[in-house]
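>>> Give me coordinates for this.
(one chain, ligands or ions: 1)
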Amino acid sequence: MSLEKVSENKCFAGRQLRYSHQSAVLNCSMNFSIYLPAEAGSHKVPVLYWLSGLTCTDENFVTKAGAQQFAAQHGVAIVAPDTSPRGEGVPDDADAAYDFGLGAGFYVDATQAPWSQHYHMYSYICQELPELINANFPVDGQRSSIFGHSMGGHGALTIALKNTDKYQSVSAFAPIASAMQCPWGEKALSNYIGTNKEDWRQYDATELVAKAERQIPMLVDQGTADNFLVEQLKPVLLQQACDAAGYPATIRMQEGYDHSYFFMSSFMADHIAFHAKYLK
Ligand SMILES: N[C@@H](CCC(=O)N[C@@H](CS)C(=O)NCC(=O)O)C(=O)O
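You can find the predicted model right below:
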């Protein structure tokens, strides 16, 4: 698998890099960004995977989250992939809706035509991308954690809960707590996975909490002024699932914060410090 460097910028003594590559799993060319702290010049560093939300590419997080200073402080790399397959041959929603198709891969492996040809973001994030990163960058793949926002919070939680051997910790900002129980998730899962709701359970964080093989540390922050809180995100469902399963998650309501990167950047230090503790 060959990588093509798209850009490089020195940042907090480390390097913010962007690459493109041909993805076999997604059957298209993809971009991702990776921040390498200064330490990566002399030894392998732990790695955090960031999953963005609807409408994002890898660049929203890189330019708006303010994460690099904390990654530099704790000596961790951060990989930020795109949110869906991309390119001419990749089908999109007929109305180019923001919540399905391009920019909205939902971190699942689609089984339904025409989506099943390219939309395999679950396998891309869990398998292909880490293999590529471990083979090409000075990171220690045995020390990996994952976090994300909104659709990417759903992605981080579901991927971590299904792969507790691969990730040391998980965190999320304003995650879709139960993809099966909100309009965004219902639309995505019915189209990507089909109408049998039994098949949706594997991609629903509230369903997976009780099934996790290991209770990896979990931190969630949710703003109380988030427009999507009541209809789409429903953190109370995640709290209830954790209570029922005896899963010791920290789920915090943050007064007055909305759904934006202004909210995320306000708590980014906490999230990176949280992961760094388990990645050391
Ligand atoms: N565009 C949507 C909102 C989508 C949205 O809020 N996306 C979040 C992720 S779920 C985001 O991070 N957007 C990109 C950004 O703020 O840079 C709308 O019109 O309601």
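
>>> In terms of helix, strand or coil, where does the residue of the chain found nearest the ligand fall?
Nearest residue of the chain to the ligand: Gly53, at 2.6 Å (C-beta to the nearest ligand atom). All C-beta spots, glycine's among them, are computed from the backbone N, C-alpha and C. Assigned by DSSP: H, G, I helix; E, B strand; the rest coil, the conformation of Gly53 is coil.

>>> I'd like to know how many residues surround the residue lying closest to Ser84 once chain neighbours are set aside.
Spatial nearest neighbour of Ser84, chain neighbours left out: Gly105 (3.5 Å); criterion: C-beta to C-beta, 6 or more residues apart in numbering. As a burial measure, Gly105 scores 33 neighbours (other C-beta atoms under 10 Å).

>>> List the residues that contact Gly105.
Thr83, Ser84, Pro85, Tyr119, Met121 (C-beta atoms under 8 Å, 6 or more residues apart in numbering).

>>> Could you work out the most separated pair of those?
Farthest-apart pair in these is Thr83 and Tyr119; separation 11.0 Å (C-beta to C-beta).

>>> more crowded one of these two?
Tyr119 (29 against 26).

>>> Could you point out which of the contacts of Gly105 is nearest to Leu26?
Nearest to Leu26 among the contacts of Gly105: Pro85, at 4.2 Å, using C-beta to C-beta.

>>> which ones are touching that closest one?
Contacts of Pro85 were listed using C-beta under 8 Å, 6+ apart, and they are Ser23, Leu26, Asn27, Cys28, Met30, Gly105, His118, Tyr119, His120, Met121.

>>> Where neighbours are concerned, which of these has the most?
Gly105 (33 neighbours).

>>> distance between stretch 91-104 and the chain's centre?
The chain centre lies 18 Å from the centre of stretch 91-104; the measure is C-alpha atoms, centre = their mean, to the nearest Å.

>>> Name the residues of it that come out as buried.
Asp99, Phe100, Gly101, Leu102, Gly103, Ala104 (16 or more other C-beta atoms under 10 Å).

>>> Next: stretch 125-144.
Using 16+ other C-beta under 10 Å as the test for burial, stretch 125-144 gives Ile125, Cys126, Glu128, Leu129, Pro130, Leu132, Ile133, Asn134, Phe137, Val139, Arg143, Ser144.

>>> Keep only those that also lie close to the ligand.
Contacts with the ligand are made by none of these, judged by C-beta under 6 Å from any ligand atom.

>>> farthest-separated two in the residues you listed?
Using C-beta to C-beta, the two most remote members of the buried residues of stretch 125-144 are Glu128 and Arg143, lying 19.4 Å apart.

>>> What's the mean pLDDT across the longest helix seen in the chain?
Looking across the chain with DSSP state H, the single longest helix is helix 261-279. For helix 261-279, mean pLDDT is 98.

>>> ok, residues contacting that helix?
With C-beta under 8 Å, 6+ apart as the criterion, helix 261-279 contacts 46, 48, 60-61, 64-67, 70-71, 73-76, 143-145, 147, 149, 168-169, 171, 173-174, 216-217, 219, 221, 223, 226, 254, 257.

>>> Just grab the bridge partners of Arg252 for me.
Following DSSP bridges, Arg252 is listed with bridge partners Asp221.

>>> dump the residue contacts of it.
Arg252 neighbours (C-beta under 8 Å, 6+ apart): Leu219, Val220, Asp221, Gln222.

>>> so how far is the first residue of stretch 222-235 from its last?
Length of stretch 222-235, first residue to last, C-alpha to C-alpha, to the nearest Å: 8 Å.
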